[in-house]
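> Next comes the sequence, and after it the predicted model I'd like to discuss.
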Amino acid sequence: MTVLLCAVLIAPPMAAWAQDASTDDAGATVGGSDPKRGRITPFNGAVLPEGEQTVVKPETEGAKEDDKPSGGVNVLERMGAALPELPKEKPFAGKPDEAYGAFQRGYYLTAMDLALPRAQLGDSAAQTLVAEILSQGLGVARKPKEAAFWYEQAAKSGDPTAMFKYAILMMEGRDVKRDKQASEEMMKKAADLGNSSAQFNYGQILVADMPGERGLKAALPYYEKSAAQGIADAQYALSQIYLNVDGIDENKRSKAREWLLRAAHSGYDTAQLDAAIWLIEGIGGDRNLEDGFGWMRRAAESGNTVAQNKLAHLYVNAIGTRPDPVEAAKWYVLSRRAGLKDLALEDFYLGLNDDQQKAALSAANKYRSS
């Protein structure tokens, strides 16, 4: 859950293929042509398009044994030895949490019946589970105020997940009294106890409280911990800070693209858009037009309006793909309908013949209805 927005660093002008676009509340152009600088945008997540493959079947009928294709050598034969046996799993010595097990299997009423007595006796994990069930209305009527009560009890008992959830409630003033200071203090405690969402959100708090590079550097350790635990927003933030902020260790700066791609692989469309731009422009590493096109298409297909606009440019200019005027026009029509204006693409579209325009409109209509 993203609570706050990170500061924005202004990027240099983009390459010609990505220029001349403006937005009507549809998003901001991101990236840049400087290999050392990108842009931080507000923090907002399929496979790459398959290439054409030709399968050639060997003609083995009637051939002599020696003429038939080899079956290859398996990995064990190449190694010359069998793989070592896997280590035995360590026996679980703890007591299974039956309430949580029922919750994981979708037996929410059973989970509530098992957790509530423990929660009433002060078990913080059970209190958090009861709060989750009541908050989401899983198998029971949704009761946000009762959920807030149990989150508070669990937070006071030191449960990091409950501390994070209750800090959010206090920050928003939802079902509890709004208390910014207490919320930030609890968020920090949850972050220091290892809650990945709290780590990212506390980083956001630091950035909001200290605009500019000072806040970004203060937030960096929390973003790093959160990113290592798989939070895509934190991975994206890390990539932007590593690339853009002065004084960052060069070993970290060299990993900016790696973190960006991790966020992109998580399905974060803003990261996918930036990954496309970085790969095409050679930001944070070598240029790779084909991979850049693949990420741009993936972001466009996820509904990112800016990516749809940029994908049209890639088709027009044959960057990372073959030129395809109908496909270019389709993606332009989709981005235009979403409110993104682009005079260069409009001129391109008006220059198409009637059949091409009709085909593009039909493809855009089918895409939106699918």
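Right, received. Where do you want to start?
> For Ile280, grab the count of nearby residues.
Residues lying near Ile280 (other Cβ atoms under 10 Å) number 26. Just so you know, the C-beta spots here come from the backbone N, C-alpha and C atoms, and that holds for glycine as well.
> Which strands and helices lie in contact with the helix or strand in which Asp347 is found?
Here Asp347 sits within helix 343-350, counting by DSSP states H and E. Under the contact criterion of 3 or more Cβ pairs under 8 Å, 6 or more residues apart in numbering; DSSP states H and E, helix 343-350 touches helix 305-317, helix 325-337.
> show me where pLDDT drops low in the stretch 51-200 of the chain?
By pLDDT under 70, the weakly predicted segments of the stretch 51-200 of the chain are 51-94.
> Repeat the analysis, applying 50 as the threshold.
Scanning the stretch 51-200 of the chain for pLDDT under 50 picks out the ranges 51-63, 68-80.
> Run through the helices of it in chain order.
With helices called from DSSP state H, counting those that start in this stretch, the stretch 51-200 of the chain shows them at 75-79, 98-104, 108-120, 124-136, 144-156, 160-172, 180-192, 196-209.
> Tell me the buried residues in the last one?
Which is helix 196-209. Neighbour-count burial for helix 196-209 flags 196-207 (criterion: 16 or more other Cβ atoms under 10 Å).
> So which other helices or strands are in contact with that helix?
For helix 196-209, the elements it packs on are helix 160-172, helix 180-192, helix 213-228, helix 232-244, judged by 3+ Cβ pairs under 8 Å, 6+ apart.
> go again using 7 Å as the cut-off
Under the contact definition 3 or more Cβ pairs under 7 Å, 6 or more residues apart in numbering; DSSP states H and E, helix 196-209 sits against helix 160-172, helix 180-192, helix 213-228.
> ditto for the fourth one
In this structure, helix 124-136 packs against helix 98-104, helix 108-120, helix 144-156, helix 160-172, with contacts taken as 3+ Cβ pairs under 7 Å, 6+ apart.
> chain center to stretch 181-201, what's the gap?
Here stretch 181-201 is found 21 Å from its chain centre; the criterion is Cα atoms, centre = their mean, to the nearest Å.
> Need the residues that contact it.
Contacts of stretch 181-201 from elsewhere in the structure, counted by Cβ atoms under 7 Å, 6 or more residues apart in numbering, are 1, 3, 155, 160-161, 163-164, 166-167, 170-171, 202, 205, 222-223, 225-226, 229, 231, 233-234.
> Show the end-to-end separation of that stretch, please.
Separation of the first and last residues of stretch 181-201 by Cα to Cα, to the nearest Å is 14 Å.
> Only the buried residues of that stretch, if you could.
Neighbour-count burial for stretch 181-201, counted by 16+ other Cβ under 10 Å, picks out 183-184, 186-191, 195-201.
> Which single one of those residues is nearest to Tyr349?
Tyr349 has its nearest neighbour among these in Phe200, at 40.8 Å by Cβ to Cβ.
> My read is that Ser157 contacts Ser124, right?
Yes - judged on Cβ atoms under 7 Å, Ser157 makes contact with Ser124 at a distance of 3.5 Å.
> More neighbours: the two, which one.
More neighbours surround Ser124 than the other of Ser157 and Ser124, with 21 against 17 (other Cβ under 10 Å).
> Any buried residues in stretch 350-358, and which?
352, 357.
> Now do it: everything it contacts.
Outside stretch 350-358, the residues that touch it by Cβ under 7 Å, 6+ apart are 325-326, 329, 349.
> Report the two of those residues separated the most.
Pairwise over the contacts of stretch 350-358, using Cβ to Cβ, the maximum falls at Val326 and Tyr349, 10.7 Å.
> neighbour-wise, which of these two wins?
Taking other Cβ under 10 Å, Val326 and Tyr349 do not tie; Tyr349 has more neighbours (21 against 17).
> quick one: buried residues of stretch 337-351?
338, 340, 342, 344-345, 348-349.
> Quick one: these as JSON lines, columns for distance to Ser362 and pLDDT too.
Listed next are the buried residues of stretch 337-351 as JSON lines, based on distance: Cβ to Cβ, whole Å; pLDDT from 0 to 100:
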{"residue": "Ala338", "distance to Ser362": "18", "pLDDT": "95"}
{"residue": "Leu340", "distance to Ser362": "21", "pLDDT": "95"}
{"residue": "Asp342", "distance to Ser362": "21", "pLDDT": "96"}
{"residue": "Ala344", "distance to Ser362": "23", "pLDDT": "96"}
{"residue": "Leu345", "distance to Ser362": "18", "pLDDT": "97"}
{"residue": "Phe348", "distance to Ser362": "18", "pLDDT": "97"}
{"residue": "Tyr349", "distance to Ser362": "14", "pLDDT": "96"}
